[in-house]
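1. Prediction below, plus the sequence it came from.
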Amino acid sequence: MRIRPALLALLAATALLGGCVSDSGSEPPDRPSSQAELPLPAKAAPVHTDTPVAPEPGQKCGDPTASLRPDGARGDTLDAIRSRGRLIVGLDTGSNLFSFRDPISGTIVGFDADIAREVAKDLLGSAEHIEFRSLSSADRERALQDHTVDLVVKTMTITCERRQKVDFSTVYLRANQRVLTMKTSGITGLADLAGKRVCVVSGTTSLDRIRREQPAATILAVPTWADCLVVLQQRQVDAVSTDDSILAGLAAQDPYTEVVGGSISVEPYGIGIPKGDEDLVRFVNGTLDRIRGDGTWERLYGQWLSGLGASPGPPAPTYQD
Ligand code: GLU
């Protein structure tokens, strides 16, 4: 029988992908006998069970999501950004759906990136007057404290602990922490993670939450959520746990994975702003107010996050003043 070249290529690709989709015993002899022999991503590290876990945050700051009311666009921080002529925004450049490089245009696109562009549009007259800087989750607070970015727009949960170091806008998306696993794993949620290996990113609320809620899991901490998808595909972990919004982006990249179980916690996202830049907080809240009302928020949700289900509508803002 003559096998067409296209079919041969498909067979070769299937063989390469085989490790990602099946643990059948029919692997060629020259492949590693266990996926666990594959190297881990750079800076991946097990979290030892005796490492202290952050305590359950009390309501030390009242409602952490209450921010400052929008008002006139005046202040030193706004003046400095206007005279620079571009808004500097920290985000993850490899987060599917939120901030990732469009393979055709090469620009950073996604829900977070587009919300940041709306701020640039209001402040500088053009969505193009923006510079994105790549940040890992663990770098977010430090980048704001060091003023290496004006804003962090990176799936960042507003917490009392973080508010001691940085300021936040009003809530622009409400996510829920859940679990991602291979469809064949038999894992159906948090309870099944006892005795299992779970990937999370360092410096996240997801890491602290999973350690508190499922102390019987073995945790592997890595720098990015894309790293978690790789170690799941390589069978070096059994599951990933973080916000359903981020997990939806990973699941869209691998049809053999699925998001399972109910909400482990509610994660209200805010735009991170250096502490004390009150004029910028009020300005950003003005943009969020505009996009909630003029249909932009709904358009961006429909464009990027419709895989999460029907739009819940933009979260209502709460203010402290
Ligand atoms: N929302 C979680 C956090 O802020 C996880 C998101 C992320 O790592 O980007 O820690």
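-> Here it is on my side, so go on. On a predicted model such as this, the values are computed, not experimentally measured, just so you know.
2. for the ligand, what are the nearby residues on the stretch 151-300 of the chain?
-> Taking Cβ under 6 Å from any ligand atom as the contact definition, the stretch 151-300 of the chain meets the ligand at 154-157, 201, 204-206, 242-243, 267. Heads up, the C-betas are built off the backbone N, CA and C, glycines and all.
3. export those residues to CSV and tack on neighbour count?
-> CSV is the format used below for those (neighbours: other Cβ atoms under 10 Å):
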residue, neighbour count
154, 27
155, 27
156, 27
157, 23
201, 22
204, 25
205, 22
206, 27
242, 28
243, 27
267, 26
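4. just those residues now: which is nearest residue 167?
-> Within those, proximity to residue 167 (Cβ to Cβ) peaks at residue 156, which comes in at 11.7 Å.
5. which of the residues of the stretch 151-300 of the chain next to the ligand lies closest to residue 299?
-> Ranked by distance to residue 299 (Cβ to Cβ), those are led by residue 155 at 19.3 Å.
6. Would you agree that closest one is in contact with residue 96?
-> No: applying Cβ atoms under 8 Å, one finds residue 155 not in contact with residue 96, separated by 11.4 Å.
7. so of the residues of the stretch 151-300 of the chain next to the ligand, which ones are in strands?
-> Judged by DSSP state E, those include 201, 242-243, 267 as members of strands.
8. got the contact list for the nearest residue to residue 136 once chain neighbours are set aside?
-> With sequence-adjacent residues excluded and distances taken as Cβ to Cβ, 6 or more residues apart in numbering, residue 136 is closest to residue 223, at 4.8 Å. Residues touching residue 223, when contacts are defined by Cβ atoms under 8 Å, 6 or more residues apart in numbering, comprise 41-44, 136-138, 201-202.
9. Kindly check the end-to-end length of stretch 39-56 for me.
-> Length of stretch 39-56, first residue to last, Cα to Cα, to the nearest Å: 34 Å.
10. Other residues contacting it?
-> If you take Cβ under 8 Å, 6+ apart as the criterion, stretch 39-56 is touched by 161, 207-208, 211-212, 215, 218-223, 227, 230-231, 236.
11. re the thing from before, just the contacts of residue 223: which are in strands?
-> Counting by DSSP E, the members of the contacts of residue 223 that fall within strands are residue 201.
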